[in-house]
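Q: Build me a structure from this.
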Amino acid sequence: MSLDFALTASAQQLADIIPHGLAVLNNKCELVSQNPSLRALIKCSNANFLDCWSRSIHPDDIDRMTTCFDEAFSSKKVLRVEYRARHQDAWCVLTLNPLLANLHAFGLDARGGFIVTIADITPEKRAESLQRQLAKDAQDHKQLQERFIDMISHEIRNPLSAILHCTEDIIEALRDKETHVVPLARVAESAETISLCILHQKKILDDVLTFSKIDASMLLLSPRRVQPKLHFADPISLFRPQLQRQGIQFNYQADFSYADCGIKWVMADLDRMGQVLINLLSNAIKFTARSKNERKIRVSIGASKERPSSYPPNVVFFRSGEDALGLDTTALPEWGSGQFAYLMLAVKDSGIGIDDHAQMKLFERFNQATPRTEGVYGGSGLGLNVSRKLCHLHGGEIGVSSKEGEGSTFGFFFRVRKSDDTSGEAFSGEAFSGDKISELDKLSHDIQALGKELADCEGPTQEIRIPEDPPLTHIEELSPEAPVDDKTMQTYEIARQATIRNIGSHRSHNEGKTSRRILVVEDNVINRKILSRKLLTLGFQITEANNGQEALNVFQNNMFDCILMDQEMPVMDGNSATKLIRQVEKGGDAHVPILGVTANVRATQQSEMLEAGMDDIIHKPFRTEDLVAKISQFVPSTIEMTNKKHSDRVVAPDRK
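A: Below you'll find the model as predicted:
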């Protein structure tokens, strides 16, 4: 008897020091013994193991786990299964092994029992997921490289055919023996086509070079003191021959916000921003030229003292997240110390428009609007991606509003610093001394102008004017109070879908990283700021959102340990935002705990919040320590509740 007692004591001592959960079950699936690690994992005092264990399993895995367990238990077979834990994004593995009968040291009778182990394999699963993601990233990168090479090769070679044919036409015209006069109009037309093909090739090469520099973090902006309205007139003027040849009505206008903001001289890299404008205007001309309706293009310029949510109001920005905000270089010393302002430009056309599927991929790498667009117009798909990166470097963003068959509006903005006015100093065009307007561009411009001049001999067309200093004009649709149209709502929905689609891919890159980040969603500014400040002093990293829609937008590019979700908010309430977040997580994302924060105490209201997908509720008013205790139930205990220096804190700006 003393031997059995000694064996039992030794077995228990051994079990207590094992880091994994360990338990002995009898033939009725009752817990005969268990070690502390198991009690920490399943947190249940019920004598029936299956009841205890099932409460610690993620709801989506319960049916599969209980079925496997019942089959192995009834047939006395060995079992090993992996499953997700209910909370904290953890993974566990359970093993079940039959034990012989009459093992009195384990408290078993003649009918025998089982030994169960449960181990936390979260680090292994995260490493496994990371390896899968790295392999997928490598494969995706290889495919992107192959696609990039294929498209660039195609785009560089394709105009060569047209150049070859036009060269033959010129040679043939010069060798014409039947007449003594060389048909200059025919030669000029061929020369104009050659110049357009060369410009197309140059644009592709410029985009490739810029893209490569951005991708390697080697592209540096060069701020200079310039006058924006006057500066942009020159790159726009390059397109005058094409606009006239295609019979496109054109306007370059400045809205009153430009004057209201007091924009005269600024520090900015307008060469790079001119590159964005050239990309947009080039696309607008190509697509408008194919339109069967009235052909119009308008370029407008405005300004704002605050970061704009869009420009014009009907343009939708596909949010890029905090990574894009981190690329902003306009706060560096070489930009001066003047007040910040935002310059805004828009290019509106009456072209063929862009369908829904194309808009979702519009700003991605190497993507043309549609295969049809690529086939008809050509292009590497680099232009818009490069334009977006340039806007990010200049503290801005780019967006679109479009509908197939109804034209497009592209808008972008960028941050500048105001510079002191220099009285009597005329604009000399020094800003154009860079390589933006090259000798090749000027030569092509002259050739196209000559071609038009010769073509006009048979019938003159109206001259297109590009004002160097565009007059201030009231443009109704550019005012902040302008109504939102159906086209905008359609693009907004596309942007929302693109956001949801990209959440999983973005989050997979960050899987395995540990953080202590809380998303505070609250429409009351005072309450939000006070709560954020209190949590910051406790070592949390805080991101803020004004309503449910902003919370969803922020959620797309960030990982959080917990979300504090107010219930009653404008634009989108907490219940609706929670449902959308849970829908996103069904695509494979980790479960993020959401705590409902509300002043509503009725049972039906609380039930609605839980049914929406919230994990728990805390009622207003609440003490900070009560909130932290509630968060600690869901956030891993590795959170260090210590004060941090202000430089370690990350607070995302409010996005209005």
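Q: drop to CA atoms for contacts and neighbour counts, all remaining ones
A: OK.
Q: Need the pLDDT of Ile248.
A: We note a pLDDT of 90 for Ile248 in this prediction.
Q: Next, the contact list for it, please.
A: By CA atoms under 8 Å, 6 or more residues apart in numbering, the contact set of Ile248 is Thr288, Ala289, Arg295, Lys296, Ile297.
Q: hmm, try it at 10 Å
A: Arg240, Gln242, Ile285, Thr288, Ala289, Glu294, Arg295, Lys296, Ile297, Asp349, Ser350, Ile464 (CA atoms under 10 Å, 6 or more residues apart in numbering).
Q: any idea how far Val81 is from it?
A: Per CA to CA, to the nearest Å, Ile248 is found 68 Å from Val81.
Q: ditto for Asp626
A: For Asp626 relative to Val81 (CA to CA), the value is 37 Å.
Q: Would you map the helices across the stretch 1-150 of the chain?
A: 2-17, 36-42, 49-54, 62-75, 122-174 (DSSP state H, counting those that start in this stretch).
Q: Mean neighbour count, mean pLDDT and distance to His87 added to those, as a markdown table?
A: Shown next, in a markdown table, are the helices of the stretch 1-150 of the chain (neighbours: other CA atoms under 10 Å; pLDDT from 0 to 100; distance: least, CA to CA, whole Å):
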| stretch | mean neighbour count | mean pLDDT | distance to His87 |
| --- | --- | --- | --- |
| helix 2-17 | 13 | 59 | 24 |
| helix 36-42 | 17 | 84 | 11 |
| helix 49-54 | 18 | 88 | 13 |
| helix 62-75 | 14 | 92 | 13 |
| helix 122-174 | 15 | 77 | 12 |
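Q: Got the domain ranges for the protein?
A: 2-120, 138-494, 514-652 (automatic domain parsing).
Q: For the ones you listed, give me CSV that also has distance to Glu128.
A: Converted to CSV, the domains of the chain look like this (distance: least, CA to CA, whole Å):
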stretch, distance to Glu128
domain 2-120, 12
domain 138-494, 15
domain 514-652, 15
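Q: Compare these and say which comes out lowest on pLDDT.
A: Looking at the domains of the chain, the bottom one is domain 138-494 with a mean of 74.
Q: Tell me the spacing between Pro98 and Gln275.
A: From Pro98 to Gln275 the distance is 72 Å (CA to CA).
Q: Check Lys213 too.
A: Taken as CA to CA, the span from Lys213 to Gln275 is 15 Å.
Q: between the two, who's got more neighbours?
A: A direct count of neighbours by other CA atoms under 10 Å for Lys213 and Gln275 places Gln275 higher, at 21 against 13.
Q: Point me to the helix or strand that includes the more buried one.
A: helix 270-289 (DSSP states H and E).
Q: which strands and helices sit next to the very next helix or strand once past that helix?
A: Downstream of helix 270-289, the next assigned helix or strand under DSSP H and E is strand 296-304. Counting contacts by 3 or more CA pairs under 10 Å, 6 or more residues apart in numbering; DSSP states H and E, strand 296-304 packs against helix 228-231, strand 249-254, helix 256-260, helix 270-289, strand 340-349, strand 408-418.
Q: neighbours around the nearest residue to Asn546 once chain neighbours are set aside, how many?
A: Counting by CA to CA, 6 or more residues apart in numbering, Asp523 is the residue found nearest to Asn546 once chain neighbours are left out, at 4.6 Å. Residues near Asp523, counting by other CA under 10 Å, number 20.
Q: so Asp523 sits right up against Val597, yeah?
A: No. Using CA atoms under 10 Å, Asp523 is not in contact with Val597; the gap is 11.7 Å.
Q: Give the residues shared as contacts by these two.
A: Common neighbours of Asp523 and Val597 (CA under 10 Å, 6+ apart) are Asp566, Gln567, Glu568.
Q: Save the residues you listed as a markdown table, and put in distance to Lys43 and secondary structure too.
A: Compiled in a markdown table, the shared contacts of Asp523 and Val597 are given as follows (distance: CA to CA, whole Å; DSSP: H, G, I helix; E, B strand; the rest coil):
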| residue | distance to Lys43 | secondary structure |
| --- | --- | --- |
| Asp566 | 30 | strand |
| Gln567 | 31 | coil |
| Glu568 | 34 | coil |
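Q: Which single one of the residues you listed is nearest to Leu610?
A: Nearest to Leu610, judged by CA to CA, of the shared contacts of Asp523 and Val597 is Gln567 at 11.3 Å.
Q: Tell me how far that closest one lies from Ala599.
A: 9 Å.
Q: Also Ala173?
A: 85 Å.
Q: Equivalent analysis for Val315, please.
A: Counting by CA to CA, the gap from Val315 to Ala599 is 37 Å.
Q: Looking at these two, which one has more neighbours?
A: Between Val315 and Ala599, Val315 has the larger neighbour count (other CA under 10 Å), namely 26 against 14.
Q: State the distance from that one to Gln583.
A: 27 Å.
Q: do Glu71 as well
A: 32 Å.
Q: One more: Ser222?
A: 44 Å.
Q: Identify the bridge partners of the closest residue to Cys391 other than its chain neighbours.
A: In this structure, Cys391 finds its nearest non-sequential neighbour in Glu397, 5.3 Å apart by CA to CA, 6+ apart. In this entry, Glu397 is beta-bridged to Phe413, by DSSP bridges.
Q: what's the answer for Arg84, then?
A: Beta-bridge partners of Arg84, as defined by DSSP bridges: Trp91.
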